[in-house]
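# okay, sequence plus prediction incoming.
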Amino acid sequence: MTQTARPFELYDATLRDGMQGEGMSLSAEEKLRVALKLDELGVTLIEAGFPASNPKEQELFALLAQETWTHSTIAAFGMTRRRDLRADEDPSLRILADAFCDVTTIVGKTWGLHLEKVVRVDPAENLRLIADSVAFLVGEGKRVIYDAEHFFDAWRDDREYAHRCLRAAVEAGADTLTLCDTNGSSLPMQIHEAVSAVVAELGEHARIGIHAHDDTGCGVANSLLAVQAGATHVQGTTNGIGERTGNANLTTITADLQLKLGIAALPDGHLPKLTETAHFVDELLNRTPRPTQPYVGRNAFAHKGGLHIAGIRADASTFEHVDPVDVGNQREILVSELAGKGTVVEKAADAGLEVSDEQATRIIERVKELEHRGYHYEAADASFELLLRRETGVYEPLFRLESWRVIVEQRAGGRVETEATIKIWVGDERFVRTAEGNGPVHALDRALRDAIAGVHPHLADIELVNFKVRILDETKGTGAVTRVLIDASDGQRTWGTIGVGENLIGASWDALVESLAWAEQPGRAVAAPAPRGDAADDDAVPVAR
Ligand SMILES: CC(=O)SCCNC(=O)CCNC(=O)[C@H](O)C(C)(C)COP(=O)(O)OP(=O)(O)OC[C@H]1O[C@@H](n2cnc3c(N)ncnc32)[C@H](O)[C@@H]1OP(=O)(O)O
Ligand SMILES: CC(=O)C(=O)O
């Protein structure tokens, strides 16, 4: 069969090669959840693990065997037989043969350096290692994918021998030859040249695949060039996790194949599951999804420059290379000192508010002035909405402030006590409340909520989930301006507010009041997007409340 006649295969190696990345670890149950999610996305093959490696992998294979797979086929991974064992005696090949899955992938050496230094066999013996191992698994009824480790180094070192390794695998019955850029050393043109040569020589007899790593930052490009050269099987990992700098990012490759090269890599209609799948894997690994990740990052369709936003409003394709909906992502308009009137109009519409041209001009001038003083609305959408409301006359304050006071007292024995007193008015009624807390913001929050709980019972459901402080001009020491960002949540939505001032507690109070006020504004049509905390993360200093 020719390469082009073969249906395209996406091979997700997150659960095996992805786990070789520093800090990556999942329990067997978590791996099962990832596999089920990848099946839902519709990747062709899922490399579930190396069952001969450890008991956890074996437990995983027992779990996988009990599931029904709709779109994906599970592959078990292993390596060629040990040099001093027959294939049918090699315990790790036996485990592969006995695994429930019909597909096995085995890795074998191709590069002289490895033969001499790692496996310590001569080139002829290595060919026997490859042939015996493939033939054994084929004899056990498996489809065998042969991963030619360090293929591109071998190709540069000794082309003839690299080809002989591949031929040994094909002649023994391997169905797919994956050319691996194991140490990620190759560049796109080198990949293209080598893959083209292999496709020309062996493409009639086996499917040709690519397995790239990202050590030169070319993992995705290398995979795409291999496809252009005739590969129809692409290996990679979700979000590009993996050994060293990671594997080729299969999330990006999938979208590139579908949207740029017109290759149906996923079942019809499944591409919009891409963002959700990528985030699911990150969350399970306890990683913050990378905001700048192509297609699925939360910044992938975020627009900040006023001129860009004006372009987007005129026609989204001016600044969006694909429709975010196609990959399950969404557009975001960021408010900042770089914005123009169009940004204000767009954000107001999101919040169900109307602004006139004159109001939009005034609002954007105000934003620029406030950002100059240290505000950062990109990270505080809820505060921006309140600014819009104030400027358009539809802001409803929760109360009128008479005063607040915080006392921090160091007690004998080392304990620091904080007590806050607030005096506020709601209509004609005056409330005076005092509360203790484990820090000034906590105490103020408790006193404020206690005062207005009767009028605003929903505030009881709101939690402050994140509190970040950044000193904006460190050279001024204690006289510096402080920026406080608070994220609040009612369990369904999360919103961000900001306070800026020379006094840390004053800035915190402003952000706190905005958190509560945003939640109680009437007639909000659309919930504000989650806060864009990433921008402030780098310098965030955790502060005990
Ligand atoms: C390119 C890749 O990503 S391949 C996959 C890499 N992944 C992993 O290594 C994760 C799982 N690995 C493991 O659990 C272990 O390394 C095991 C179980 C596979 C092997 O463990 P050990 O037997 O203790 O060996 P070790 O890890 O030190 O590897 C070196 C041995 O493997 C042999 N070996 C390495 N590659 C191959 C191969 N492709 N075929 C046959 N033997 C091989 C070497 O000859 C050496 O054997 P020796 O100790 O008899 O000289
Ligand atoms: C097989 C594999 O993971 C590699 O060669 O990188």
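Looks like it came in fine. Ligands and ions are numbered 1, 2, ... in the order given.

# all helices for the stretch 101-250 of the chain, in order.
Assignment of helices within the stretch 101-250 of the chain using DSSP state H, counting those that start in this stretch yields the ranges 112-114, 123-139, 151-157, 159-171, 188-202, 219-228, 250-255.

# deepest in the core, which of the ones you listed is it.
Compared across the helices of the stretch 101-250 of the chain, helix 250-255 shows the largest average neighbour count, a mean of 26 (mean count of other Cβ atoms under 10 Å). Just so you know, the C-beta spots here come from the backbone N, C-alpha and C atoms, and that holds for glycine as well.

# check contacts around the residue positioned nearest the centre of the chain.
Residue closest to the mean C-alpha point of the chain, counted by Cα atoms, centre = their mean, is Pro289 at 2.9 Å. Counting by Cβ atoms under 8 Å, 6 or more residues apart in numbering, Pro289 makes contact with Asn239, Ala278, His279, Asp282, Glu283, Val296, Gly297, Arg298.

# how many neighbouring residues does the residue nearest to Lys56 when sequence neighbours are not counted have?
Nearest residue to Lys56, sequence neighbours excluded (Cβ to Cβ, 6 or more residues apart in numbering): Ala28, at 5.4 Å. Ala28 is flanked by 17 other residues according to other Cβ atoms under 10 Å.

# could you check how far Ala28 is from ligand 1?
Plainly put, Ala28 is 15 Å away from ligand 1 if you go by Cβ to the nearest ligand atom, to the nearest Å.

# same list (the contacts of Pro289) but as TSV, adding secondary structure and distance to ligand 1.
Formatted as TSV, those follow (DSSP: H, G, I helix; E, B strand; the rest coil; distance: Cβ to the nearest ligand atom, whole Å):
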residue	secondary structure	distance to ligand 1
Asn239	helix	18
Ala278	helix	22
His279	helix	26
Asp282	helix	22
Glu283	helix	24
Val296	coil	25
Gly297	coil	27
Arg298	coil	31
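
# just the buried residues from the residues you listed, in PyMOL please.
Remark: buried members of the contacts of Pro289, expressed as a PyMOL selection using 16 or more other Cβ atoms under 10 Å:
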select buried, resi 239+278+279+282+296+297+298
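
# any weak-confidence spans in the stretch 351-500 of the chain?
474-479 (pLDDT under 70).

# now do the contacts for the nearest residue to Ser186 once chain neighbours are set aside.
Once flanking residues are discounted, Ser186 sits nearest to Phe152: 4.4 Å by Cβ to Cβ, 6+ apart. For Phe152, the contacting residues are Leu179, Cys180, Asp181, Ser185, Ser186, Gln190, Ile191, Ala194, by Cβ under 8 Å, 6+ apart.

# return the member of those nearest to ligand 2.
Ranked by distance to ligand 2 (Cβ to the nearest ligand atom), those are led by Cys180 at 3.2 Å.

# contacting residues for Ile208?
Ile208 makes contact with 3, 176-177, 179, 195, 198-199, 202, 226, 230-233, according to Cβ under 8 Å, 6+ apart.

# apply 6 Å and report the result again.
Contact analysis of Ile208 by Cβ atoms under 6 Å, 6 or more residues apart in numbering lists Leu177, Val198, Val199, Ala231.

# kindly report the same for Ile241.
Residues near Ile241 by Cβ under 6 Å, 6+ apart: Gly18, Gly21, Met24.

# so which bits of the chain are right by ligand 1?
Listed as neighbours of ligand 1 in the chain under the rule Cβ under 6 Å from any ligand atom: 17, 20, 50, 52-53, 79-80, 82, 107-109, 118-119, 149, 182.

# just the buried subset of these, written out for PyMOL, thanks.
Selection of buried members from the residues of the chain next to ligand 1 for PyMOL, criterion 16+ other Cβ under 10 Å:
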select buried, resi 17+20+50+52+79+80+82+107+108+109+119+149+182
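
# and the residue sitting furthest away from the middle of the chain, how close does it get to ligand 2?
Within the chain, Asp428 marks the point farthest from the mean C-alpha position, 50.7 Å out by Cα atoms, centre = their mean. Separation of Asp428 from ligand 2 (Cβ to the nearest ligand atom) stands at 73 Å.

# where does this protein dip in pLDDT?
The model of the chain has pLDDT under 70 over residues 1-5, 474-479, 523-545.

# how much space between the one residue in the stretch 151-300 of the chain that gets nearest to ligand 1 and ligand 2?
Among all residues of the stretch 151-300 of the chain, Thr182 sits closest to ligand 1, at 4.9 Å; criterion: Cβ to the nearest ligand atom. For Thr182, the distance to ligand 2 (Cβ to the nearest ligand atom) stands at 4 Å.

# my read: that residue touches His150, true?
Yes: with contact defined as Cβ atoms under 6 Å, Thr182 counts as touching His150 (4.6 Å).

# all helices in the stretch 251-400 of the chain, in order from the N-terminus.
Under DSSP H, counting those that start in this stretch, the stretch 251-400 of the chain gives helices at 274-284, 306-314, 341-350, 357-372, 381-392.

# to what extent is the nearest residue to Asn247 once chain neighbours are set aside buried, counted in neighbours?
Counting by Cβ to Cβ, 6+ apart, Asn247 lies nearest to Thr237, which is 4.2 Å off, once chain neighbours are set aside. By other Cβ under 10 Å, 31 other residues sit near Thr237.

# got the domain ranges for this structure?
9-284, 302-392, 400-519 (automatic domain parsing).

# pick the most buried one from the ones you listed.
Ranked by mean neighbours (mean count of other Cβ under 10 Å), these are led by domain 9-284, with a mean of 20.

# in the stretch 401-545 of the chain, which spans are helices?
So, for the stretch 401-545 of the chain - with DSSP H, counting those that start in this stretch - the helices run 440-452, 504-519, 534-537.

# may I have the phi/psi pair for whichever residue of the chain sits closest to ligand 1?
The nearest approach of the chain to ligand 1 comes at Ser53, 3.3 Å away (Cβ to the nearest ligand atom). Dihedral angles of Ser53 (phi, psi; degrees, to the nearest 10) stand at phi -80, psi -40.

# what's the distance between the closest residue to Tyr395 other than its chain neighbours and ligand 2?
Closest residue to Tyr395 apart from its sequence neighbours, by Cβ to Cβ, 6+ apart: Arg389 at 3.8 Å. As defined by Cβ to the nearest ligand atom, Arg389 lies at a distance of 55 Å from ligand 2.

# ditto for Val281
For Val281, the distance to ligand 2 (Cβ to the nearest ligand atom) stands at 18 Å.

# and Leu370, by the same measure?
Between Leu370 and ligand 2 the distance is 51 Å, computed by Cβ to the nearest ligand atom.

# next one: Val484
Going from Val484 to ligand 2 by Cβ to the nearest ligand atom gives 46 Å.

# for Gln359, same thing?
Between Gln359 and ligand 2 the computed distance is 58 Å (Cβ to the nearest ligand atom).

# for Ala48, which residues are in contact?
Contacts of Ala48 (Cβ under 6 Å, 6+ apart): Leu15, Leu64, Ile74.

# what's the closest of these to Asp158?
Taking Cβ to Cβ as the measure, Asp158 lies nearest Leu15 of the contacts of Ala48, at 33.1 Å.

# and that closest one, what does it touch?
Lys31, Ala48, Gly49.

# which helices and strands does the helix or strand harbouring the first one pack with?
Taking DSSP states H and E as the definition, one finds Lys31 inside helix 28-41. Counting contacts by 3 or more Cβ pairs under 6 Å, 6 or more residues apart in numbering; DSSP states H and E, the secondary-structure elements packed against helix 28-41 are helix 55-65, helix 274-284.

# and the angle from the last one to helix 28-41?
Computed with axes from the mean of the first three to the mean of the last three Cα atoms, to 10 degrees, the direction of helix 274-284 lies at 180 degrees from that of helix 28-41.

# same for helix 274-284, what does it pack against?
helix 28-41.

# heading toward the C-terminus, what's the first helix or strand past the helix it packs on?
In the C-terminal direction, the helix or strand that comes right after helix 28-41 (DSSP H and E) is strand 45-49.
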